[in-house]
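1. Below are the sequence and a predicted model for it; my questions follow.
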Amino acid sequence: MNRNTKQQTKTQQTKTHQKATVGQVRIIGGDWRGRKLPVRVQAGLRPTSDRIRETLFNWLQFEIAGARCLDAFAGSGALGFEALSRGARHVVFVEKSKDVACQLIDNGQWLKTEKAQVFNADTQAWLAQAVNELNEPFDIVFMDPPFNQGLVEPTLAKLLENDWLSNQAWLVIEQEKSLAWSSLLTEFELYREKTTAQTRIGLWRRQAKEE
């Protein structure tokens, strides 16, 4: 095999790899409606479907504008970018995979937004910081962790322990259909709930503490 043939083979392999590892999600509402964003395909990454996102953002339609949001297990970033498209003031994306986090950064740059902030970090470790370095709590948290890893409970614990949530914050939780809701949600009220074949989705609102 000559040098040119080797180079062509390598190029074809690279293109094949890219096709295998890049999918896409579509923003379904707001300023960027219809935009399609590349998504790095990795084990455990489960982009929220268009139908579920439509339902979630219908529930939150009066809460998104001006809200400060956290996409806690960002993955595709579908929820965070949808929130920005619909008027969120700022969205923090936390994603453990370096490749996936880099794709989120690229997508934010392509959308020409300065309202997206991406952290390449383990969500548990990031939330465990003793001090909220961002100095402002979140109004809405999207929590859609990989299934079968028991991540909902410790994530909730760290959100509460380290004052990441505003007094009337909203939580969007997606978890396995078979699981009961966490006992740590005692200071939250279940506002809406939906189930699919495998998933249980709940919108919870924190009850304001009395002074």
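-> Good, I have the coordinates.
2. which of the residues in the helix or strand harbouring Q109 are buried?
-> Element membership of Q109, judged by DSSP states H and E, is helix 98-110. By neighbour count on 16 or more other CB atoms under 10 Å, the buried set for helix 98-110 is 100-101, 103-105, 107-108. Using the backbone N, CA and C atoms, a C-beta is placed for each residue, glycine as well.
3. low-scoring stretches of this protein, by residue?
-> Confidence mapping of the chain against pLDDT under 70 gives the ranges 1-22, 42-47, 130-135, 208-211.
4. Okay, strands next: where are they in it?
-> With DSSP state E, the ranges of strands along the chain come out as 22-26, 36-40, 68-71, 90-95, 116-120, 138-143, 165-176, 188-195, 199-206.
5. Now do the helix holding Q109 against strand 22-26: the angle between them, please.
-> Here helix 98-110 points in a direction 40 degrees away from that of strand 22-26 (axes from the mean of the first three to the mean of the last three CA atoms, to 10 degrees).
6. Let me have the buried residues of helix 98-110 in TSV, extended by distance to R205.
-> As requested, the buried residues of helix 98-110 are exported to TSV (distance: CB to CB, whole Å):
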residue	distance to R205
V100	29
A101	29
Q103	32
L104	27
I105	31
N107	29
G108	28
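7. May I ask which two of those residues are separated the most?
-> Farthest-apart pair in these is V100 and G108; separation 13.0 Å (CB to CB).
8. so how many other residues sit close to T186?
-> Applying other CB atoms under 10 Å, we find 7 residues neighbouring T186.
9. Now do the same contact list for it.
-> Residues counted as contacts of T186 (CB atoms under 8 Å, 6 or more residues apart in numbering): none.
10. check contacts around the closest residue to G66 other than its chain neighbours.
-> Among residues not flanking G66 along the chain, R89 sits closest, at 5.0 Å (CB to CB, 6 or more residues apart in numbering). Going by CB under 8 Å, 6+ apart, R89 touches 66-68, 115.
11. Specify which member of these is nearest to S178.
-> Nearest to S178 among the contacts of R89, with distances taken as CB to CB, is A67, at 30.8 Å.
12. how near is that closest one to F138?
-> Note on A67: its distance to F138, by CB to CB, to the nearest Å, is 8 Å.
13. now do Q207
-> Distance from Q207 to F138, by CB to CB: 16 Å.
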